[in-house]
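Novice: the sequence isn't on hand, but the structure is:
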């Protein structure tokens with residue numbers, strides 16, 4: 001059986017968009033995962049080792065500040081497009097689009113205000129949490145309104161992440177989670 005707990009984690013300052021950040025703790029007999037409403041970030045993933053002791057196997061920060069400052073996308077959902085778009089440009093349906101450049105001459109993981117750097121709206125589920133975000137037409141240079149749902153569920157020892165998206169225009173999309181794993185659990 002999975003339990004889901006909701007806790008306050010911090011507050012985003014007004015100059016960065018403002019809002020309360022919540023942490024969701026999903027726990028089964030063998031796995032415990034903590035996920036933030038900011039960036040849908042997995043901050044902790046504890047699993048039992050061969051001796052039955054819990055060890056955290058993802059890299060992350062203990063405070064919200066670590067995630068709001070420049071960070072290497074620890075545990076976050078990245079998008080609209082994961083990876084680099086060279087020169088921040090792409091052509092679609094005969095039109096060229098210029099994206100915000102945040103990685104030298106490139107656009108990386110959705111730009112300066114990618115999905116990892118925004119608050120998502122949470123909905124608690126019996127065995128997980130679903131996050132929703134509307135990325136408006138033109139955000140970071142991308143065409144179309146984009147509705148995105150990211151669902152984390154925990155069943156026994158299995159953590160699943162499901163992505164759904166719906167757009168109002170043809171647009172590139174490539175979502176992923178950017179967790180860094182430390183399988184030594186140290």
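Specialist: Sure, I can see it. Model, not experiment: these values are computed from the prediction. Numbering: from 1, shown residues only.

Novice: so the spatially most central residue of the chain bridges to which residues?
Specialist: Nearest to the geometric centre of the chain sits residue 77, at 2.4 Å (C-alpha atoms, centre = their mean). With DSSP bridges as the criterion, residue 77 is bridged to residue 177.

Novice: and it, how far from residue 151?
Specialist: 11 Å (C-beta to C-beta, to the nearest Å). (Glycine included, C-beta is placed from N, CA and C.)

Novice: so what sits against both of these two?
Specialist: residue 131 (C-beta atoms under 8 Å, 6 or more residues apart in numbering).

Novice: what's the spacing between stretch 156-174 and its chain's center?
Specialist: 11 Å (C-alpha atoms, centre = their mean, to the nearest Å).

Novice: state the mean pLDDT of it.
Specialist: Summarised as a single mean, pLDDT over stretch 156-174 is 97.

Novice: which residues touch it?
Specialist: Contacts for stretch 156-174 (C-beta under 8 Å, 6+ apart): 26, 28-31, 33, 45, 47, 77, 79-83, 90, 92-93, 137, 142-154, 175, 177.

Novice: what do you get if the cut-off is 6 Å, keeping everything else the same?
Specialist: For stretch 156-174, the external contacting residues (C-beta atoms under 6 Å, 6 or more residues apart in numbering) are 28, 30-31, 33, 80-82, 92-93, 142-153, 175, 177.

Novice: just the buried ones from those, in ChimeraX syntax?
Specialist: ChimeraX command restricting these to the buried ones, with burial defined by 16 or more other C-beta atoms under 10 Å:
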select :28,31,33,80,81,82,142,143,144,145,146,148,149,150,151,152,153,175,177
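
Novice: show me the contacts of stretch 156-174 that map onto strands.
Specialist: When DSSP state E is applied, the contacts of stretch 156-174 are split such that 31, 33, 92, 146-153, 177 fall in strands.
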